[in-house]
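>>> pasting the sequence and the predicted model now:
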Amino acid sequence: MRRVATILRLAALGLLLAFLLAPQRFAPLFAPLTEGGAVPIYDQGNLGMLALSHLATVLAACTASTLIAVSLGILVTRAGGSQFLPLSRAVVSFGQTFPPVAVLALAVPLVGFGEKPTLIALFLYGLLPIFENTIAGLRTCPPAVLDAASGMGMSDRQRLLAVELPLATPLILEGIRISMVIDIGTATLGSTVAAKGLGEVIIAGLTSNNTAFVLQGGLATGLMAVLLYDALAVLERRLRPAARIE
């Protein structure tokens, strides 16, 4: 079963790379979806570069979300910071409360068009899953293990870094995985404010009534999301045995 899963992952990755690097080879597949002699493959930009820009924006936003959400999760699970839990939860829930389009609309007057409003929207949208999973991971550390660490003379800081965070890492990674997949799909909206990404292909298809473009942008984005989600799931599974304390 694992071998089949690995083969499927490699096949999906190979298909995505082949399409992004040499999209014209797929023209016969998309030609039936066009009308009136429209071009079957998006030709207003390099698909590979758009995919890289899309991925770079997502990774930057997810990295910022992870740093802030994990830090807040650590803060509110300490004795001195537990009173900030309701406020922190309200702050990180802000991005999930407002639709990404609304966040983009509010951010554009402040920072202008381009990557910045997209990064803001993705950053806010990705906070909640990481924050909640960090809290869950830190709160589910076995009390016996924590008592043993304290009995060994570890300070609170040493116990956090050497025991609690390693044990919580699989759950934190799960939150990052969810956040990243959300961001990959949401990042397509960034093209409405002139951010580079695969959303550019989808929007071009919608404005020109070219179904082939829409499908190309959607499939590339979907494959990227599935592959990243799967890669992080594999990493999470590999870390679980290492993080488990017998």
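Received the coordinates, thanks. Predicted model only: the values in this text are computed from it and were never measured.
>>> OK, contacts around residue 100?
121, 122, 125, 186, 189 (CB atoms under 8 Å, 6 or more residues apart in numbering). No exception for glycine: its C-beta is placed from N, CA and C like everyone else's.
>>> for residue 135, same thing?
Per CB under 8 Å, 6+ apart, neighbours of residue 135: 73, 76, 77.
>>> SS state for residue 8?
helix (DSSP: H, G, I helix; E, B strand; the rest coil).
>>> tally of neighbours for it?
11 (other CB atoms under 10 Å).
>>> ok, residue 131 next?
Counted with other CB under 10 Å, residue 131 comes out at 27.
>>> hmm, it is touching residue 89, no?
Yes - using CB atoms under 8 Å, residue 131 makes contact with residue 89 at a distance of 7.4 Å.
>>> before we move on, back to that, most neighbours among the contacts of residue 100, please name it.
Neighbour max across the contacts of residue 100 (other CB under 10 Å) = residue 122, 32 neighbours.
>>> buried set for the strand or helix carrying residue 70?
In the assignment (DSSP states H and E), residue 70 maps to helix 47-76. By 16 or more other CB atoms under 10 Å, the buried positions in helix 47-76 come out as 47, 50-51, 53-55, 57-58, 60-62, 64-66, 68-70, 72-74, 76.
>>> cool, stretch 146-160 as well?
149, 154, 159, 160.
>>> need the helices for the chain, in chain order.
Under the criterion DSSP state H, helices of the chain are mapped to 2-21, 27-30, 47-76, 85-92, 94-97, 100-111, 115-125, 127-139, 143-151, 156-159, 165-186, 199-207, 211-243.
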